[in-house]
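using only what follows, build the 3D model:
(2 chains)
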Number of protein chains: 2
Amino acid sequence: MDYYLGIDFGGTQTKIGIIDARGKLQIRASFPTDIARSGPEIVSAISRSAEKLIENSEISKSAIRGIGIGSPGQLDPEKGTLISVANVPQLNRIDFAPRIGDYLQRPAFLDNDVNAMALGEFLYGAGQGYRNIVALTLGTGVGGAIILNGELYHGATFTAGEIGHFSIDPDGLYCPCGNYGCLERYVGREGIVNRFQMYRSKGLATKMEHYLDNGQITPRAIAQAAGDNDELAREVMAETGKILGIALASLANILNPEIFIIGGGIANAGNLLLEPARRELTKRALTVPGRKVKVLPATLKNDAGIVGAASIAVAKLAK
Amino acid sequence: MDYYLGIDFGGTQTKIGIIDARGKLQIRASFPTDIARSGPEIVSAISRSAEKLIENSEISKSAIRGIGIGSPGQLDPEKGTLISVANVPQLNRIDFAPRIGDYLQRPAFLDNDVNAMALGEFLYGAGQGYRNIVALTLGTGVGGAIILNGELYHGATFTAGEIGHFSIDPDGLYCPCGNYGCLERYVGREGIVNRFQMYRSKGLATKMEHYLDNGQITPRAIAQAAGDNDELAREVMAETGKILGIALASLANILNPEIFIIGGGIANAGNLLLEPARRELTKRALTVPGRKVKVLPATLKNDAGIVGAASIAVAKLAK
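Numbers count the residues shown, from 1 in each chain, chains lettered A, B, ... in the order given. Predicted coordinates:
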């Protein structure tokens, strides 16, 4: 059987794992990313950890067909280099994937973490069997990735899929990107939490105090309270879903996908979020593309980052 | 040399022509589409006209590599059948391209007219040398077409590219499609003309009476007046460009194309329309995709429909 190694790189932590050709995680490890080191040292440390993981597994190195690396920030997936990643400027312009590939003597491929998530869902999750997929991750920010005709679409400068910066209102909330009304302002963490707090401060009842996330109101906490029938939490989830649906309708008209996959912590709210999104999409999209497209939650959970990263290699080597 | 036959089909008129492999039109003809006839009769009439055109040319039938047919409405480009075209319901579900191909003994391909325009510009016009293109036609309605990685993108139900129904304002003008704030409401014919008339009725000076288009205020008439320094016409053009730029910014963030190609009668206003669009795009788009993308007018003029239709065959047979 073929195996693929996935590296889910991040500015604070790096996770590594090996999946089989069906996407099943065989073994995993994680360690803090030591950002005090130089760029080449960081890459060497990751390479050595990956080698050790292979040794600790019962998989022979020759059975590992390739390595996929998922990273936040801006990058060049063709060269396998990072261009700009928050907190680790020393990695800019370093030949990240080629170095790891050389060290492990296996082909290595780099892509951004949202694209990795989308590929993971496409190959092993909610997107299986579909060819045209738009994936969104709702977290602190809102990320997006686009798979068209069964292939990841990167665009002219590898920045395609910035759905968080799709403006739904030209005079809406100001976004630090310079635009107004960006989707991220409304369905990203801050937008959701601010809306909840604003309504709560006006006296609407909630039992949020029982759901705090490390003492904080977070989208995950709101999703959980909504799941337990907290009325205000439900309303905020429904409003968030409706706003999401406004954006999905335009995306359905433009990209005509078979499926929208929604990931990120808030997607745990499930239909409390997605059903209002579907209704708004149905109302607003053109009939033909609106009827065709499904809105489904991401299904890869805990190890989605590793499986997604490994999927970059699966997709590349399948060509 | 290779030649391609293009059929620019419409509910009132059909235009036919032959281009060489460089996109140069060799011969053309046009005739009214006789919508009183049955579907098969309409297709036969077109086939016979195409055969006659070939006979009248100095091009041997064997030098014609293929036939491209551009049509308005909804259609299936894989089967070559029309699904729904306004005014000619008798053509629905008829094997349009296969019948014409059989009659002329040449491979025939069908696609919608906006996709045909985009392919024409990609192969022979403003889009030459680019791989990721978003094309818009501003006319009565607003059409769109998307070329990604050098190939037309059709989507799951062949309806991708409906950029006229990209909502730029969730509480904006009502659109008969069921949505609010669709781009078409603002930069389509009615939106532009209504804005002009509204401002004029408030007493703002204009010499529009010298520019009427068959006695009417049209986007073309406004574009012409703007070109002659009519102040109100200039303002309306600039506002239209700004609104267009709002949509282009989100499209740049999502699709990250190298070029936006703007066609349709109003595009004759040139930089009076496009410069405000470019400025708004630059302000609102993310820096990297915003800097990359160009906004240029379509360059194929009078016979763009025929050249575009023939381009469908060129693109298909180049694979």
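
now the residue of the stretch 101-250 of chain A found nearest chain B: closest residue in space, sequence neighbours ignored.
Going by C-beta to the nearest C-beta, chain B is nearest to A:G155 of the stretch 101-250 of chain A, at 2.6 Å. In short, each C-beta sits where N, CA and C put it, glycine included. Counting by C-beta to C-beta, 6 or more residues apart in numbering or on different chains, A:G155 lies nearest to B:N256, which is 2.6 Å off, once chain neighbours are set aside.

again with A:I7
Counting by C-beta to C-beta, 6+ apart, A:I7 lies nearest to A:I69, which is 4.4 Å off, once chain neighbours are set aside.

quick one on the thing from earlier: element containing the residue of the stretch 101-250 of chain A closest to chain B?
Using DSSP states H and E, A:G155 maps to neither a helix nor a strand.

what sits against it?
Neighbouring residues of A:G155 by C-beta atoms under 8 Å, 6 or more residues apart in numbering or on different chains: A:G161, B:N132, B:L255, B:N256, B:P257, B:P289.

closest one to B:Y180 out of these, please.
Using C-beta to C-beta, B:L255 comes nearest to B:Y180 of these, at 22.8 Å.

next one, pLDDT for the closest one please.
On pLDDT, B:L255 comes in at 98.

with A:G264 instead?
pLDDT at A:G264 comes out at 89.

burial check on it, number of neighbours?
By other C-beta atoms under 10 Å in any protein chain shown, the residues close to A:G264 number 23.

tally of neighbours for the residue nearest to A:E51 when sequence neighbours are not counted?
Excluding its sequence neighbours, the residue lying closest to A:E51 (C-beta to C-beta, 6+ apart) is A:L104, at 6.3 Å. Neighbourhood size, A:L104 [other C-beta under 10 Å]: 19.

for A:L104, what are its contacts?
So A:L104 contacts A:L5, A:S47, A:A50, A:E51, A:I54, A:K61, A:I64, A:I67 (C-beta under 8 Å, 6+ apart).

mark which of those are part of strands, please.
Residues of those located in strands (DSSP state E): A:L5, A:I64, A:I67.

give me the nearest residue to the first one, chain neighbours excluded.
The one in question is A:L5. A:I67 is the one closest to A:L5 (C-beta to C-beta, 6+ apart), at 4.6 Å.

who touches the one you found in this structure?
Taking C-beta under 8 Å, 6+ apart, we find A:I67 in contact with A:4-7, A:50, A:97, A:100-101, A:104, A:106-109, A:310, A:313.

what ranges do the helices span in the stretch 151-300 of chain A?
A:183-187, A:189-201, A:219-227, A:231-255, A:271-284, A:287-292 (DSSP state H, counting those that start in this stretch).

give me the residues contacting the last one.
Read that as helix A:287-292. A:249, A:252-253, A:256, A:258, A:281-282, A:284, B:74, B:155-157, B:159-160, B:162.

from the residues you listed, which is closest to A:T33?
Of all the contacts of helix A:287-292, A:T33 sits closest to A:E258, with 36.3 Å by C-beta to C-beta.

got the phi/psi numbers for A:I18?
phi -120, psi 130 (degrees, to the nearest 10).

if we can go back for a sec, tell me which of the contacts of A:G155 is nearest to B:K242?
Using C-beta to C-beta, the contacts of A:G155 come closest to B:K242 at B:P289, 19.0 Å.

and the closest residue to chain B within the stretch 201-319 of chain A, what does it touch?
Relative to chain B, the nearest point of the stretch 201-319 of chain A is A:N256 (2.6 Å; C-beta to the nearest C-beta). Remark: with contacts taken as C-beta under 8 Å, 6+ apart, A:N256 is in contact with A:132, A:289, A:292-293, B:154-162.

can I get those residues in CSV including distance to A:G241 and pLDDT?
Listed next are these as CSV, based on distance: C-beta to C-beta, whole Å; pLDDT from 0 to 100:
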residue, distance to A:G241, pLDDT
A:N132, 22, 98
A:P289, 19, 98
A:K292, 20, 98
A:V293, 15, 98
B:H154, 29, 98
B:G155, 24, 98
B:A156, 22, 98
B:T157, 24, 97
B:F158, 28, 97
B:T159, 24, 97
B:A160, 24, 98
B:G161, 26, 97
B:E162, 23, 97
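
and those residues, which is closest to A:A221?
Using C-beta to C-beta, the contacts of A:N256 come closest to A:A221 at A:V293, 29.9 Å.

report the buried residues of stretch A:307-317.
Buried residues in stretch A:307-317, counted by 16 or more other C-beta atoms under 10 Å in any protein chain shown: A:V307, A:G308, A:A309, A:A310, A:S311, A:I312, A:A313, A:V314, A:A315, A:K316.

if we can go back for a sec, ranking the contacts of helix A:287-292 by neighbours, who comes first?
Neighbour counts for the contacts of helix A:287-292 peak at A:A252, which has 32 neighbours (criterion: other C-beta under 10 Å).

pull up the per-residue confidence for that residue.
In this model, A:A252 carries a pLDDT of 98.

ok, it touching A:K294?
No. Checked against C-beta atoms under 8 Å, the pair A:A252 and A:K294 is beyond contact range at 10.5 Å.

go through the helices of the stretch 151-300 of chain A and find the least confident stretch.
Taking the mean pLDDT of the helices of the stretch 151-300 of chain A, helix A:219-227 comes last: a mean of 94.

element containing the closest residue to A:V114 other than its chain neighbours?
Leaving aside its sequence neighbours, A:V114 sits nearest to A:G143 (C-beta to C-beta, 6+ apart; 3.7 Å). Element membership for A:G143 (DSSP H and E) is strand A:142-148.

buried ones in that strand?
Under the neighbour-count criterion of 16+ other C-beta under 10 Å, strand A:142-148 has A:V142, A:G143, A:G144, A:A145, A:I146, A:I147, A:L148 buried.

give the contact list for the fourth one.
Think A:A145. A:N112, A:V114, A:N115, A:M117, A:A118, A:L119, A:V134, A:A135, A:L152, A:G161.

distance of the nearest residue to it once chain neighbours are set aside from A:N56?
In space, A:A145 comes closest to A:A118 once its chain neighbours are excluded; the distance is 3.5 Å by C-beta to C-beta, 6+ apart. Distance, A:A118 to A:N56, using C-beta to C-beta, to the nearest Å: 29 Å.

neighbour count for those two, which is higher?
Shown here are A:A118 and A:N56; by other C-beta under 10 Å, A:A118 has more neighbours (32 against 11).

could you check the angle the helix or strand where the more buried one lies makes with strand A:142-148?
Take DSSP H and E as the rule and A:A118 turns out to sit in helix A:113-124. In terms of direction (axes from the mean of the first three to the mean of the last three C-alpha atoms, to 10 degrees), helix A:113-124 departs from strand A:142-148 by 50 degrees.

run through the residues that contact the most far-flung residue of chain A relative to its centre.
Most distant from the centre of chain A: A:G203, at 34.9 Å, with distances by C-alpha atoms, centre = their mean. Taking C-beta under 8 Å, 6+ apart, we find A:G203 in contact with no residue.
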